[in-house]
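> The following comprises the amino acid sequence and a computationally predicted model.
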Amino acid sequence: MAKILIVEDEAKIARFLELELKHEGYEVVHAADGRTGLELALQKDVNLVLLDIMLPGLSGIEVCRRVRMESQVPIIMLTAKDDVTDKVAGLDMGADDYMTKPFAIEELLARIRVALSRHSSKHQEEAEKDELSYGALVLNTAAHSCEYNGEEVTLTKKEYDLLECLLRNKNVAMSREQLLSTVWGYEYMGDTNVVDVYVRYLRQKIDDKYGIHMVETIRGIGYMIKED
């Protein structure tokens, strides 16, 4: 059964969630502050994170942002108030879903099942599929090649890696820090300008050449390939 991390500083709520989740057969771990929650969330055996927004140490929004730099573990944000700003901020940082307190435990359990199932299916599909696409653009990950409408697109290794990362996270706003960590690694940490430079290269080789608008700038966040 899946292992769920609860990052919640209110002891009564955390205990209630822990008992309910264990009753459903889940393994549960708990963190009462943001920094501990971040450390536990990055452990490979955690399958889903229930993340409160208002936390000591680091806010839930910041924890979510940092987790998304290294992991795609499903995250469900818990908000204390029905605040649209909190919800939007959480989703923009990469959260999969949110629940507003107080909430019905049955609904939370249903959303947990959906998030776990979606995450499992996505990984299975990616493992089985050698091709990533956007309209007429096809990236063959097995051959490490790129074509647009059958015409070869010549990309450098970093251009290819950046495009692959964006295509694998289609419809997800990727921060510059996330892209930097995934494509360039820690050697370039802090130098987010390199991301902007390589996005410009991709736009010159693909967007400008073929008259499309593939890579979108998400103001204040980073970039996204959006496709309905």
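Yes, it's here. Numbers count the residues shown, from 1 in each chain.
> How about the secondary structure of residue 50?
strand (DSSP: H, G, I helix; E, B strand; the rest coil).
> Can you give me the distance of it to residue 84?
Per CB to CB, to the nearest Å, residue 50 is found 20 Å from residue 84. Just so you know, the C-beta spots here come from the backbone N, C-alpha and C atoms, and that holds for glycine as well.
> Between those two, which is the more surrounded one?
Per other CB atoms under 10 Å, whichever of residue 50 and residue 84 has more neighbours is residue 50, with 26 against 8.
> My read is that that one contacts residue 7, right?
Yes. Taking contacts as CB atoms under 8 Å, residue 50 lies within contact range of residue 7: 6.8 Å.
> tell me, what residue is most central in the chain?
Centroid-nearest residue in the chain, with CA atoms, centre = their mean: residue 94, separated by 4.2 Å.
> what stretches of this protein score poorly on pLDDT?
81-83, 121-129, 186-190, 228 (pLDDT under 70).
> Pop the domain breakdown of it in here.
Following automatic domain parsing, the chain resolves into domains at 3-126, 129-225.
> And the longest one, how far out from the chain middle?
Using CA atoms, centre = their mean, to the nearest Å, the mean C-alpha position of domain 3-126 is found 12 Å from that of the whole chain.
> tell me the SS of the closest residue to residue 156 other than its chain neighbours?
Using CB to CB, 6 or more residues apart in numbering and skipping residues adjacent in sequence, the residue nearest residue 156 is residue 201, 7.8 Å away. Secondary structure, three-state DSSP: residue 201 is helix.
> now swap in residue 114 and tell me
helix.
> How about residue 7: which residues does it bridge to?
Beta-bridge partners recorded for residue 7 (DSSP bridges): residue 31, residue 51.
> Let me know how buried it is, in neighbour terms.
Per other CB under 10 Å, the neighbour tally for residue 7 reads 29.
> With the one 10 residues further on instead?
The local packing of residue 17 (other CB under 10 Å) involves 20 other residues.
> Give me the distance between it and residue 131.
Per CB to CB, residue 17 is found 40 Å from residue 131.
> ok, now residue 199?
Taking CB to CB, one finds residue 199 at 22 Å from residue 131.
> of those two, who's got more company?
Legend: neighbour count by other CB under 10 Å for residue 199 and residue 131, higher for residue 199 (21 against 11).
> quick one, helices of this structure?
11-23, 34-41, 60-68, 84-92, 105-128, 157-168, 176-179, 193-202, 208-210 (DSSP state H).
> right, so those: which one is the most enclosed?
Mean neighbour count (mean count of other CB atoms under 10 Å) peaks for helix 60-68 among the helices of the chain, with a mean of 23.
> got the contact list for the residue nearest to the centre of the chain?
With contacts defined as CB atoms under 8 Å, 6 or more residues apart in numbering, residue 94 is in contact with 64-65, 67-68, 75, 172-173, 178.
> I'd assumed residue 159 was in contact with the residue nearest to residue 156.
Yes. Contact between residue 201 and residue 159 holds when scored by CB under 8 Å: they sit 5.5 Å apart.
> Ends of stretch 92-101, what's the gap?
One end of stretch 92-101 to the other measures 20 Å (CA to CA, to the nearest Å).
> let me fix that: stretch 205-214
11 Å.
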